[in-house]
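Peer 1: Give me a model of this one.
(one chain, ligands or ions: 3)
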Amino acid sequence: MGKKGVLLVNLGTPDSAATPDVRKYLNEFLMDGRVIDISPVSRAILVRGIIVPFRAPKSAKLYREIWSDETGSPLLHYSLMQQRLLQQRLGDEYMVELAMRYQSPSIESALERLKNALVSEIKVIALFPQYASASTGSVYEKVMKLVSQWLTIPNISFTNSFHDNALMIEAFAQNAQKHQPQTYDHILFSFHGLPQRQMVKSDHTHNHCLKSANCCQTLTDANKFCYSAQSYDTARLIAAKMGIGKDQYTVCFQSRLGNDPWVQPYTSQVIADMAAQGKKRLLVFCPAFVADCLETVYEVSVEYHEEFKAKGGEHVQLVESLNDNPLFIDALEEMVKG
Ligand SMILES: C=CC1=C(C)c2cc3[nH]c(cc4nc(cc5[nH]c(cc1n2)c(C)c5CCC(=O)O)C(CCC(=O)O)=C4C)c(C)c3C=C
Ligand SMILES: [Fe+2]
Ligand SMILES: [Fe+2]
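Peer 2: Numbering: from 1, shown residues only. Ligands and ions are numbered 1, 2, ... in the order given. Okay, here's the model as predicted:
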């Protein structure tokens, strides 16, 4: 019997913080029809003609702020660490590969390595706790397209989402403890945003998403794949684990792109509201990310911190992502073996 294959896939990051590499990354990322979900011609005009030329130099500047001379992009660094720790945990019976949906290491190269090792099965885990077509859906579409070309297709399985995985919830709660959560005025659960249009399109029942003011805030059997409802559920579970009351936390969504409406409330608006209410210290979880990245170490720790201070607040403290937390490796092990 060959080894069992595991393929971990995260979003991806530029090869370097230089503008040409950031341009290449953004072009690949934003030309994905699940990310900018408009017609191919309109997408090419918008992405190649407008968004990327303006955004690449600005994003490159931000990437330079978080880039390490030794380890490069935090997202790749922590993802490789997770691969290594999971491989150690699972032992010789398994072969664990890491890929990025965009740029490197590519999904194609990781799948080739698994194929050449004659693995008997492949478990694919997109490293996004909450399901979205733009993230998890895109990873699985890419894997399926590539594997569909193989003459011999092994057993292959996908994890839709793990927004309620108890070990992951415990890992986030554990990471918050060192910041003494009781010393903060309020807690935010800031998830990556998503265009509202994509939420509505993903609702194949056509009678749930964004039909009423709060319909995407509670997870039910009818909306079990809704990104927003899964996000609220993750926040509820972390809060319950930590004994945080409903009035002590707010769920919000960050990293908006473009002028279309995205899932609300926006983190920047919530931060302004908190400052207006006289709150001084905010503790912020980012449970859409399992590894620290630009959106956590820069957008939250630097940008939102500065915005909050400019409006009268004192401190925005990020709860570090799961990175090398052994409880998260336990969670991955459980997903592989479960
Ligand atoms: C957590 C899951 C993610 C979803 C869902 C998602 C949707 C989404 N993102 C963009 C646009 C950008 N996202 C960017 C960075 C980024 N996004 C995620 C995850 C999700 N995105 C991560 C982990 C990262 C960080 C990557 C890193 O290198 O650290 C960026 C690039 C950075 C920037 O220029 O600001 C863009 C652009 C859209 C449009 C979208 C849904 C439609
Ligand atoms: Fe994103
Ligand atoms: Fe919904």
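Peer 1: contacts, neighbours, all on C-alpha from now
Peer 2: Will do.
Peer 1: Please list all residues in contact with residue 18.
Peer 2: Taking C-alpha atoms under 8 Å, 6 or more residues apart in numbering as the contact definition, residue 18 lies against 60, 64.
Peer 1: I meant residue 171, not that one.
Peer 2: 322, 325, 327, 328.
Peer 1: What is the nearest of these to ligand 3?
Peer 2: The closest of those to ligand 3 turns out to be residue 322 (C-alpha to the ion; 25.9 Å).
Peer 1: Quick check on that closest one: phi, psi?
Peer 2: phi -70, psi -30 (degrees, to the nearest 10).
Peer 1: Next, count neighbours for it.
Peer 2: By the criterion of other C-alpha atoms under 10 Å, residue 322 has 24 neighbours.
Peer 1: Skipping its backbone neighbours, what lies nearest it in space?
Peer 2: Counting by C-alpha to C-alpha, 6 or more residues apart in numbering, the nearest residue to residue 322 once its immediate chain neighbours are dropped is residue 290, at 5.1 Å.
Peer 1: which residue is nearest the middle of this protein?
Peer 2: The residue lying closest to the centre of the chain (C-alpha atoms, centre = their mean) is residue 289, at 3.8 Å.
Peer 1: Hmm, that residue is touching residue 321, no?
Peer 2: Yes. Between residue 289 and residue 321 there is a contact under C-alpha atoms under 8 Å: 6.7 Å.
Peer 1: Let me see the confidence value for the residue nearest to the centre of the chain.
Peer 2: pLDDT for residue 289: 98.
Peer 1: Same question for residue 259.
Peer 2: For residue 259, the predicted pLDDT is 89.
Peer 1: Check which helix or strand it maps to.
Peer 2: Assigned by DSSP states H and E, residue 259 belongs to no helix or strand.
Peer 1: Share the number of residues neighbouring it, please.
Peer 2: Counted with other C-alpha under 10 Å, residue 259 comes out at 7.
Peer 1: Could I get the full set of strands for the chain?
Peer 2: Secondary structure of the chain (DSSP state E): strands located at 4-12, 94-102, 121-126, 155-158, 186-192, 249-254, 281-285, 315-318.
Peer 1: Quick one: closest of those to residue 114.
Peer 2: Of all these, it is strand 4-12 that lies closest to residue 114, at 6.3 Å by C-alpha to C-alpha.
Peer 1: Kindly calculate the angle that that closest one makes with strand 121-126.
Peer 2: 20 degrees (axes from the mean of the first three to the mean of the last three C-alpha atoms, to 10 degrees).
Peer 1: In its sheet, which strands sit next to strand 4-12, and in what direction?
Peer 2: Strand pairing for strand 4-12, using DSSP bridges, gives strand 94-102 (parallel), strand 121-126 (parallel).
Peer 1: What's the mean pLDDT across the last one?
Peer 2: Yep, that's strand 121-126 we're talking about. On average, strand 121-126 scores 98.
Peer 1: Pull the residues that contact it.
Peer 2: Contacts for strand 121-126 (C-alpha under 8 Å, 6+ apart): 3-10, 136, 139-140, 154-159, 336.
Peer 1: need the residues of this structure near ligand 1, please.
Peer 2: Proximity of the chain to ligand 1, by C-alpha under 6 Å from any ligand atom, involves residues 11-13, 35-36, 59, 75, 128, 132, 134-135, 192, 194-195, 257, 288-289, 293-295.
Peer 1: thinking again about what came up before, and the contacts of residue 171, which of them are in helices?
Peer 2: Cross-referencing the contacts of residue 171 against helices under DSSP state H gives 327, 328.
Peer 1: The contacts of residue 171 into CSV, with extra columns for distance to residue 172 and pLDDT?
Peer 2: Shown next, in CSV, are the contacts of residue 171 (distance: C-alpha to C-alpha, whole Å; pLDDT from 0 to 100):
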residue, distance to residue 172, pLDDT
322, 7, 98
325, 9, 98
327, 9, 98
328, 9, 98
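Peer 1: Number of residues surrounding residue 182?
Peer 2: Every residue meeting other C-alpha under 10 Å relative to residue 182 is counted, giving 11.
Peer 1: Nothing else from me, thank you.
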